[in-house]
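Asks: 3D model of this:
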Amino acid sequence: MRALLATDTDSDARDADGNTPLMLSFKHNNTVSAIQFLSQKVPAGFMGAPASAPDTVDLSLANKLGQTVFHLHFGSMNLDRHKYLLELAQIDDCRRPDANGLSPFHYLLINPLGKDLCRLVLQKFGALMGDEVH
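Replies: The predicted structure is shown next:
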């Protein structure tokens with residue numbers, strides 16, 4: 001991740017499993033580097049940002065298991081910097097199922113450290129979630 005931060009490497013590059021560098025940082029609980037990386041990039045489509053430009057990152061990309069950065073982040077055991085990514089999340093990002101039919105909301109609910117983040121998710125999306133919160 002440090003090499004990615006220091007260069008103009010494609011932020012949406014994929015490994016053999018379809019993971020982007022950002023996905024891998026969340027997957028390996030390197031949240032600090034992930035947030036540092038995100039602070040230097042603009043999510044594609046966010047506030048009119050183009051889909052592909054050197055300073056954008058596509059948060060909607062999924063790996064071979066159908067997991068996005070939101071699945072991996074909400075399942076992370078290191079939630080100390082979760083607010084930043086949650087601010088970028090849209091309701092559809094959090095509803096998107098992976099290959100097993102689990103949404104990022106499911107990952108959050110099975111995460112033993114997810115209570116605080118669950119409160120923030122409900123504050124942001126509660127009115128939009130309907131039956132999903134019952």
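Asks: please count neighbours and contacts with C-alpha atoms only from this point.
Replies: OK.
Asks: tally of neighbours for Asn19?
Replies: Asn19 has 23 neighbours, counted by other Cα atoms under 10 Å.
Asks: report the contact partners of the nearest residue to it once chain neighbours are set aside.
Replies: Take Asn19 and drop its neighbours on the chain: the residue closest to it by Cα to Cα, 6 or more residues apart in numbering is Asn63, 5.1 Å away. Listed by Cα atoms under 8 Å, 6 or more residues apart in numbering, the contact set of Asn63 reads 17-20.
Asks: can you pull the phi/psi pair for Asn63?
Replies: Here is the backbone geometry of Asn63 (degrees, to the nearest 10): phi -80, psi -170.
Asks: now swap in the one 4 residues further on and tell me
Replies: The main-chain torsion angles of Gln67 are listed as degrees, to the nearest 10 and equal phi -90, psi 140.
Asks: around His28, how many other residues sit close by?
Replies: 12.
Asks: how close does it sit to Leu122?
Replies: 26 Å (Cα to Cα, to the nearest Å).
Asks: now swap in His106 and tell me
Replies: For His106, the distance to Leu122 - Cα to Cα - is 13 Å.
Asks: these two: which has the busier surroundings?
Replies: Neighbour tally, His106 and Leu122, criterion other Cα under 10 Å: the higher count belongs to His106, 17 against 13.
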